[in-house]
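> build the 3D model from these lines:
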Amino acid sequence: MKMAVAAFGLAVLAGGCCKKASINVEIEGLPDGPVYVHYAPVSDLSAVTDDTLQAEGGKFAFSPVFDGEPIEIRLEPASDLRANRRGRLSVPLSHQIRFWMQPGEQVRLRGVYEDGYLSYMLRGTQDLEAQADLRESMEETLRDYSLLAGRVDSLYGLGVENIDEAYMDSLYTELTARLERLREAERQYIRTHPGSLLAGLYLLEQQSADAFLECEGLLKAEVREGLLKKRLDEAKAYFERRKQQESNAAALVQDAIAPDFTLTDIHGKPVTLSDYAKRYVVLDFWGTWCPWCIKGMPDMKRYYGKYQRKVTFIGIACRDRLDKVQSLVERERLPWVSVMNGEGDNDIAFRYGVSGYPTKVILKPGLKVERVFLGEDPEFYETLDALLK
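Predicted structure coming up:
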């Protein structure tokens, strides 16, 4: 059930620059206890200020310190924190309180927990109201997203060895679809308010390269060149690189010549791909931090033993530390060549367009691409059998 403004007597008083900013919160159903506060200037989210407040009777208040520009606020009631799949505590989207406010604003937020969802309203400046209205319009999507994310986290708690990867992929597909609905609502705001600072902030929420680059061109100059310029420029560079990565992946069609490379193995020796051009080669992009990569190692070892006379297996450790890779290779007794991915122009994962881990690439003699596999896919092993038996 969505809240009616009249039922909660909600009001936000927009103050001038000479007034001290304040936030007064009252949430029906909020347990007494700590509330974690994080806020930072919108131009530099790394300059974050953290604080801890105490909620009593569902109420708490504080006065953030401004430095002459709007800030991003996150409020996290300790009672809403959950362990996610990485073992970190986070607040589900359905319970997140996050908004942007101007210097001098006196904000009153009124909310209520309803069927596992935290409804809240803000009133005052046009931007504040727009944020609350957009979130309210996406209530069903946010609720569904959080329920799905909770299911994913609970499954990861069982250990990846007990998870059906195809089922997990289906959950991620549903998660992505719901998040995309939210992002599309934000993009619609950008299209209709291209001169608003809030439009620039919503643009920074986008996760699709195409969506970001399309909407970035819609922003008016005063937004692109204003407070958010540094963040927008960095995001644009990131998404342009993502587009190039996608292009690199699209180029790895069957029988295309794979990019050659030289990387250093975990013992400090250079390994050059073209040295194995007369053989079949398997490239395995992985990391010690990737549970699916570790889960697949027994099968990889079995197939190494089966085809090592015909195939060179090369594991390319990405986003990793040498000592961690060395330790895991020794502990798991991985018999194939293990190298460390490079950086900059020698980032081989980027050159191969790797978007997830593990990614396995089968190359035929002549370094011709046979096929690329994302995830621990049984078809990878079936394809090796079909090629080599």
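> any idea which element the residue nearest to Arg224 when sequence neighbours are not counted lies in?
Nearest in space to Arg224, with sequence neighbours left out and distances taken as CB to CB, 6 or more residues apart in numbering, is Leu232 at 6.0 Å. Yep, even glycine has a C-beta here, placed from its N, CA and C like the rest. Taking DSSP states H and E as the definition, Leu232 sits inside helix 229-250.
> just the strands from the stretch 1-150 of the chain, written as ranges.
22-28, 33-41, 49-55, 59-62, 71-77, 82-83, 89-90, 97-101, 106-114, 117-122 (DSSP state E, counting those that start in this stretch).
> looking at the ones you listed, which is buried most?
When these are scored by mean count of other CB atoms under 10 Å, the highest mean neighbour count falls to strand 117-122 (a mean of 23).
> which ones are touching the residue nearest to Ala83 when sequence neighbours are not counted?
Leaving aside its sequence neighbours, Ala83 sits nearest to Leu89 (CB to CB, 6+ apart; 6.0 Å). If you count contacts by CB atoms under 8 Å, 6 or more residues apart in numbering, Leu89 has them with Leu81, Arg82, Ala83.
> quick check, nearest of those residues to Gln126?
Leu81 (32.1 Å; CB to CB).
> so the closest one sits against Ser90, correct?
Yes: Leu81 is within contact range of Ser90, at 6.8 Å (criterion: CB atoms under 8 Å).
> before we move on, back to that, in TSV: the contacts of Leu89, plus distance to Pro64 and pLDDT.
Listed next are these as TSV, based on distance: CB to CB, whole Å; pLDDT from 0 to 100:
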residue	distance to Pro64	pLDDT
Leu81	21	91
Arg82	25	85
Ala83	28	81
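> closest to Gln106 among these?
Closest to Gln106, out of all of these and judged by CB to CB, is Leu81, at 27.9 Å.
> tally of neighbours for that closest one?
16 (other CB atoms under 10 Å).
> please apply the same query to the one 5 residues further on.
Neighbours of Arg86 under the rule other CB under 10 Å: 10.
> just Lys295 next, same as before
17.
> buried residues in stretch 161-170, which are they?
Ile163, Met168 (16 or more other CB atoms under 10 Å).
> err, stretch 212-220, not the other one
With burial defined by 16+ other CB under 10 Å, the residues of stretch 212-220 counted as buried are Phe212, Leu213, Cys215, Glu216, Leu218, Leu219.
> may I ask which helix or strand of this structure has the lowest mean pLDDT?
helix 5-8 (a mean of 29; mean pLDDT, DSSP states H and E).
> I figured Leu387 hits Pro365, correct?
No: Leu387 lies out of contact with Pro365 (CB under 8 Å); the separation is 10.8 Å.
> circling back: may I see the strands of the stretch 1-150 of the chain organised as JSON lines, with distance to Leu204 added?
Listed next are these as JSON lines, based on distance: least, CB to CB, whole Å:
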{"stretch": "strand 22-28", "distance to Leu204": "22"}
{"stretch": "strand 33-41", "distance to Leu204": "13"}
{"stretch": "strand 49-55", "distance to Leu204": "20"}
{"stretch": "strand 59-62", "distance to Leu204": "25"}
{"stretch": "strand 71-77", "distance to Leu204": "10"}
{"stretch": "strand 82-83", "distance to Leu204": "25"}
{"stretch": "strand 89-90", "distance to Leu204": "19"}
{"stretch": "strand 97-101", "distance to Leu204": "11"}
{"stretch": "strand 106-114", "distance to Leu204": "21"}
{"stretch": "strand 117-122", "distance to Leu204": "20"}
